[in-house]
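> what's the 3D shape of this:
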Amino acid sequence: MSFTLIQQATPRLHRSELAVPGSNPSLFEKAAKSAADVIFLDVEDAVAPDDKEQARKNIVEALNDLDWGNKTMLIRINGLDTHYAYRDVIDVVEKCPRLDMVLIPKVGVPADVYAIDMLISQCEQAVGRTNPVGIEVLIETALGMANVEAIAQSSKRLEAMSFGVADYAASTRARTVGIGGPHPDYGVLTDADDSGHREYYWGDPWHFALSRMMIACRAYGLRPIDGPFGDFSDPDGFKAAAKRAAVLGFEGKWAIHPSQIDLANEVFSPSEEEITKAQRILDAMEQAKKEGKGAVSLDGRLIDIASIRQAQALIDKANAMKG
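The predicted structure is shown next:
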């Protein structure tokens, strides 16, 4: 194992991340009562320019007045190339102790994160805030993906990255037929069999982007989160996309409709078998300590530090699900 040890981001249950437009306060109470682990109140893409200031006021009021339980609460600010972004940060960070994180859209370079980090720091100092605000970034442009490893190291506040497939597709000029789904033209054709028949198999056009972002997150201690699946009338498609992300190592997925929350929670919750195995690993570690052994083994296999950390993270997630 490398001598370089990376500090892990603040642990949070992050199986489902629900998007709620700040311009529609009628949805806030329903969101607060939902099963979503994380909620971001949006003033960016889901809000028209003429409604952004009122949406920001709605969010401040909702964060201060509603009971959000133990959910992680975010605001998705406007892009750094707009005149709305600085006010989004100042008004919400200074006025809302309940805010947990800021979601920065369309991050392209580490300096984008640095700029918001600096602004958050000044807001916290100005009001004497004691609970630090974390940062989640959206990787949704070619520039952001090209710099994803550097972005992952850009701030100690940074906790998570989400893959914004729709804007990423636009940025890379990819051909798409739906947000987050496959494309019928992205596939492979087998060689012909004896009768001349050939099979065609669809591929996953987002595999490389998801994998690269996930590796950057895991290398630098962040939570990788898959972004939206646009067709909320297709639960099977959403679940398939979520399973694909979970297999790669993602911790959760966005829900752009309440119907997707339970699906995400189901896919990204550890199974009883996984929890049992993780607990056995931790128990074996404790027993080895009591016996003064330097090595830890289970079922004839040596357990390394990485395995122990993964086991502890899984147990922490299981405990968070109970609370």
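
> So residue 191 is in contact with residue 198, correct?
Yes - contact criterion C-beta atoms under 8 Å: residue 191 and residue 198 qualify, at 6.9 Å. For glycine as for every other residue, the C-beta is placed from the backbone atoms N, C-alpha and C.

> With neighbour numbers in mind, choose between these two.
residue 198 (10 against 6; other C-beta atoms under 10 Å).

> Domain boundaries for this structure, per the record?
Domain ranges of the chain: 16-269, 274-322, per automatic domain parsing.

> And stretch 273-283, what's buried?
Residues of stretch 273-283 classed as buried: 275, 278, 281, 282 (neighbour count, 16 or more other C-beta atoms under 10 Å).

> Can you tell me the element residue 278 falls in?
Using DSSP states H and E, residue 278 sits within helix 272-290.

> Same question for residue 179.
Going by DSSP H and E, residue 179 is not part of any helix or strand.

> For the spatially closest residue to it that is not a sequence neighbour, give me phi and psi.
What sits nearest to residue 179 in space, not counting adjacent residues and going by C-beta to C-beta, 6 or more residues apart in numbering, is residue 230, at 2.9 Å. The phi/psi pair for residue 230 (degrees, to the nearest 10) reads phi -70, psi -30.

> Same question for residue 20.
When read as degrees, to the nearest 10, the backbone of residue 20 gives phi -130, psi 120.

> How much space separates the closest residue to it other than its chain neighbours from residue 260?
Using C-beta to C-beta, 6+ apart and skipping the chain neighbours, the partner closest in space to residue 20 is residue 31 (4.8 Å). Using C-beta to C-beta, to the nearest Å, we find residue 31 at a distance of 13 Å from residue 260.

> okay, the domains of the chain, which one's buried deepest?
domain 16-269 (a mean of 18; mean count of other C-beta atoms under 10 Å).

> Show me what the mean pLDDT comes to for it.
What domain 16-269 shows for mean pLDDT is 96.

> Now find how far off-centre that domain is within its chain.
6 Å (C-alpha atoms, centre = their mean, to the nearest Å).

> about what we covered before: run the chain-centre distance for whatever helix or strand comes next after the helix holding residue 278.
Sequence-wise, the next helix or strand downstream of helix 272-290 (DSSP H and E) is strand 296-298. Relative to the centre of its chain, strand 296-298 is centred 32 Å away, using C-alpha atoms, centre = their mean.

> Ok, stretch 292-303 next?
33 Å.

> Endpoints of that stretch, how far apart?
16 Å (C-alpha to C-alpha, to the nearest Å).

> What lies in contact with that stretch?
For stretch 292-303, contacts defined as C-beta atoms under 8 Å, 6 or more residues apart in numbering pick out 280, 281, 284, 285, 288, 308.

> what's the farthest-apart pair in the residues you listed?
280 and 288 (12.5 Å; C-beta to C-beta).

> Can you show me the strands along the stretch 1-150 of the chain?
16-21, 38-42, 72-76, 101-104, 134-139 (DSSP state E, counting those that start in this stretch).

> so what secondary structure elements neighbour the helix holding residue 278?
Here helix 272-290 touches strand 296-298, strand 301-303, helix 305-322, going by 3 or more C-beta pairs under 8 Å, 6 or more residues apart in numbering; DSSP states H and E.

> Figure out which of these is closest to residue 254.
Nearest to residue 254, of all those, is helix 305-322, at 18.2 Å by C-beta to C-beta.
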